[in-house]
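A.B. asks: can't give you the sequence, but here's the structure:
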């Protein structure tokens, strides 16, 4: 009887440990997220008109191979592990065309600027528990080249989670080189004749600043609702371009919403 009793106790203990292990595994936070929604943005950089475009958000954990981060039309491959305060690696994005699809009848007369893929790199460093336990402050730099080069400095503060709700603020400043500014903001003699806009030559320098707010609300363990709003302002030669000054707006607002699934 004692042998049977010991065996029974051993079996019960094993089952209890297995159940506890399974519960812990089931309660482990999901490491991946994928979100899909829509966002309203200017239909070209400096436009006063808006267009609704897809909003893609996500993070895919690749274990020792790093992670993929998706935001809007940009994909970052972070080569660092999840425990590192550093994030760095290549980035690719897609810039929409400025063509017959824009609303402004004068800008439509300008020569078409094709959509283009942009590629570069990013680096970011995060500070944990800065103002409260569980928050994060990160600063970073991203450089991308396509029809010219842009360099963006950014800072982002993500507050500690409050029940089902979490928020973050971000601030960024972007500089662009001569080629980029000339492509998107200059008006040469041919474009002036096409549109009636005055001839203008845009040079490199500070292009824009932006401020954004992102909030997420957990609908369940797997599903969440994410909202995003931002305001940006063109500066320097970009703001002074007749494309912006006469036909557009140097300030732009964007707002979007997405549903995200964690797994």
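C.D. replies: Right, received. Where do you want to start? Given the structure is predicted, the values throughout are model-derived calculations rather than measurements. Numbering: from 1, shown residues only.
A.B. asks: OK, contacts around residue 202?
C.D. replies: Residue 202 makes contact with 181-182, 184-186, 237-238, 240-241, according to CB atoms under 8 Å, 6 or more residues apart in numbering. Glycine gets a C-beta too; all of them are placed from N, C-alpha and C.
A.B. asks: repeat for residue 188
C.D. replies: residue 199.
A.B. asks: one step back: closest one of the contacts of residue 202 to residue 90?
C.D. replies: residue 184 (23.5 Å; CB to CB).
A.B. asks: so that closest one is in contact with residue 45, correct?
C.D. replies: Yes - with contact taken as CB atoms under 8 Å, residue 184 and residue 45 are classed as touching, separated by 5.9 Å.
A.B. asks: shared neighbours, these two?
C.D. replies: 98, 238.
A.B. asks: one step back: closest one to residue 51 out of the contacts of residue 202, please.
C.D. replies: Checking those one by one against residue 51 (CB to CB), the nearest turns out to be residue 184, at 16.2 Å.
A.B. asks: just give me the neighbour total for that closest one.
C.D. replies: 22 (other CB atoms under 10 Å).
A.B. asks: and the pLDDT for it?
C.D. replies: pLDDT for residue 184: 98.
A.B. asks: show the contacting residues for it.
C.D. replies: 45-46, 98, 113, 147-148, 202, 238, 243.
A.B. asks: what about 7 Å?
C.D. replies: Residues in contact with residue 184 (CB atoms under 7 Å, 6 or more residues apart in numbering) are 45, 113.
A.B. asks: surely it forms part of a helix?
C.D. replies: Yes - the assignment for residue 184 is a helix, going by DSSP: H, G, I helix; E, B strand; the rest coil.
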